[in-house]
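*Asks:* Test case, fold it:
(one chain, ligands or ions: 1)
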Amino acid sequence: MRSKDFGVIPGLSKKYPKETSLELFRRMCAIRYFEQGVIESVQAKYIDYLVYLSSGQEAIAAAMSVALQGFMIFAQHRCHGTYLAFGGTPAKLRDELLGMDTGTSRGRAGSNCVQCHENEVAMFGHHGLIGENVPLGVGAALGSNKPVVCFFGDGAAEEDYVFAAMGFAVTHRLPVIFVCEDNNLSILTKVDIRRSWSITHVARALGMPAVDITDDPWTILETAGQFKNTLPAFINIYTCRANWHAGVGVDGPPEWDRLSMVREELEKMGLSSQSEKIEKDIIAEMEKLWDKKHLQKL
Ligand SMILES: [Mg+2]
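*Replies:* Okay, the predicted model is just below:
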């Protein structure tokens, strides 16, 4: 069932304006190349603690940030991509990772707890208990009646308080979209070893619309667009992390690399000159952001 094509809606890339497709690619590139700077900074020991990377899973944050405006964001521990895609400031995230006062939490929260309550980005970070952001997000929707997006992983989906919060959202018809970033791993253990049931079936049984798709950004955009008016709803998205659960190492080639697939799709659409410029400009921006001379002065 899990594959790079599972649930992909054919022909969607041609349905959206080319500007939307290029913006999805731009947001994905921003995450990938920001984190290239993180990886090099860890290797050079400018950052000397465990980081949680979004690389490989960029399409989810990129597409959700295009689909959902005005939502409060409750992010999981793997949250750099969420912050960057929804409009966070790369320099503030860099400074947070470097432990500086100019970081998103004055350098005191680090990689897995990125908070942001400015520039219309209302993002509440993870605090350490796996999946705790789900009941917190549901409570925020209850208290404010504002729409909420909760991101969590396939490991967090197994926590009882996540189920309870999803059921509570159904009972009270709360405007929450639950998004499982299903990279098939809880640290190192695959889903089919951990459980014989599907979180999507559980969500349906609780009484909300729920679907399994993969991380094709156009399919995410389309699905989120359909669901956001019938909340609560649940989307399980198959994706692949590029790096270890924590840290910058790699286990080997990921099952698929969605950024490469989107780049190829844009080429087929005749947008290669625009996409090449976007990628080149982002690489230059992120190299400047993580410039070693600048880091040495910090
Ligand atoms: Mg996982």
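*Asks:* Report the secondary structure state of the residue nearest to residue 180 when sequence neighbours are not counted.
*Replies:* Nearest non-adjacent residue to residue 180, counting by CB to CB, 6 or more residues apart in numbering: residue 236, 4.5 Å away. Placement of C-beta: from N, CA and C, glycine included. At residue 236 the chain is in strand, as set by DSSP: H, G, I helix; E, B strand; the rest coil.
*Asks:* Measure how buried residue 236 is and give me the count.
*Replies:* Counted with other CB atoms under 10 Å, residues neighbouring residue 236 total 22.
*Asks:* near the ion, which residues of this protein?
*Replies:* Residues of the chain found near the ion (CB under 5 Å from the ion) are 153, 154, 155, 183, 185.
*Asks:* Tell me who's in contact with the spatially closest residue to residue 74 that is not a sequence neighbour.
*Replies:* With sequence-adjacent residues excluded and distances taken as CB to CB, 6+ apart, residue 74 is closest to residue 137, at 3.5 Å. In this structure, residue 137 makes contact with 72, 74, 124, 148, 149, 150, 165, 176, judged by CB atoms under 8 Å, 6 or more residues apart in numbering.
*Asks:* In the beta-sheet assignment, what are the partners of the closest residue to the ion within the stretch 101-250 of the chain?
*Replies:* Proximity to the ion, evaluated over the stretch 101-250 of the chain using CB to the ion, is greatest for residue 153 at 3.8 Å. Counting by DSSP bridges, residue 153 is bridged to residue 181.
*Asks:* In stretch 96-112, which residues are buried?
*Replies:* Residues of stretch 96-112 classed as buried: 96, 97, 98, 99, 103, 104, 109, 110, 111, 112 (neighbour count, 16 or more other CB atoms under 10 Å).
*Asks:* mind checking the end-to-end distance for it?
*Replies:* 11 Å (CA to CA, to the nearest Å).
*Asks:* and for that stretch, what are the contacting residues?
*Replies:* 38, 41, 46-47, 49-52, 77-80, 83, 88, 91-95, 113-116, 125-126, 128, 295, 298.
*Asks:* Let's see which of those residues end up in helices.
*Replies:* Using DSSP state H to define helices, the subset of those located there is 38, 41, 80, 83, 91, 92, 93, 94, 95, 295.
*Asks:* Now do the contacts for the fifth one.
*Replies:* What that stands for is residue 91. Contacts for residue 91 (CB under 8 Å, 6+ apart) come out as 102, 289.
*Asks:* distance of it from the ion?
*Replies:* In this structure, residue 91 and the ion are 29 Å apart, going by CB to the ion, to the nearest Å.
*Asks:* can you give me the helices for this structure?
*Replies:* Using DSSP H, the helices found in the chain span residues 18-43, 58-67, 80-85, 90-97, 133-144, 160-171, 191-194, 199-206, 217-227, 258-268, 272-289, 292-297.
*Asks:* which outside residues touch the last one?
*Replies:* When contacts are taken as CB under 8 Å, 6+ apart, the neighbours of helix 292-297 outside the stretch itself are 41, 44, 46, 98.
*Asks:* Any regions of the stretch 51-200 of the chain where pLDDT drops low?
*Replies:* Counting by pLDDT under 70, the stretch 51-200 of the chain shows low-confidence ranges at 118-120.
*Asks:* Just to check, residue 238 is in contact with residue 212?
*Replies:* Yes: contact between residue 238 and residue 212 holds when scored by CB atoms under 8 Å: they sit 7.1 Å apart.
*Asks:* Neighbour count: those two, which is higher?
*Replies:* residue 238 (25 against 19).
*Asks:* Tell me the confidence at the residue nearest to residue 279 when sequence neighbours are not counted?
*Replies:* Take residue 279 and drop its neighbours on the chain: the residue closest to it by CB to CB, 6+ apart is residue 29, 5.3 Å away. Residue 29 carries a pLDDT value of 98.
*Asks:* Pull the contacting residues for residue 29.
*Replies:* Taking CB under 8 Å, 6+ apart as the criterion, residue 29 is in contact with 259, 278, 279, 282, 283.
*Asks:* Relative to the ion, how far out is it?
*Replies:* 23 Å.
*Asks:* re earlier: who touches both of residue 238 and residue 212?
*Replies:* 6, 7.
*Asks:* ok, back up a step: how many other residues sit next to the residue of the stretch 101-250 of the chain closest to the ion?
*Replies:* Number of residues near residue 153 (other CB under 10 Å) recorded here: 23.
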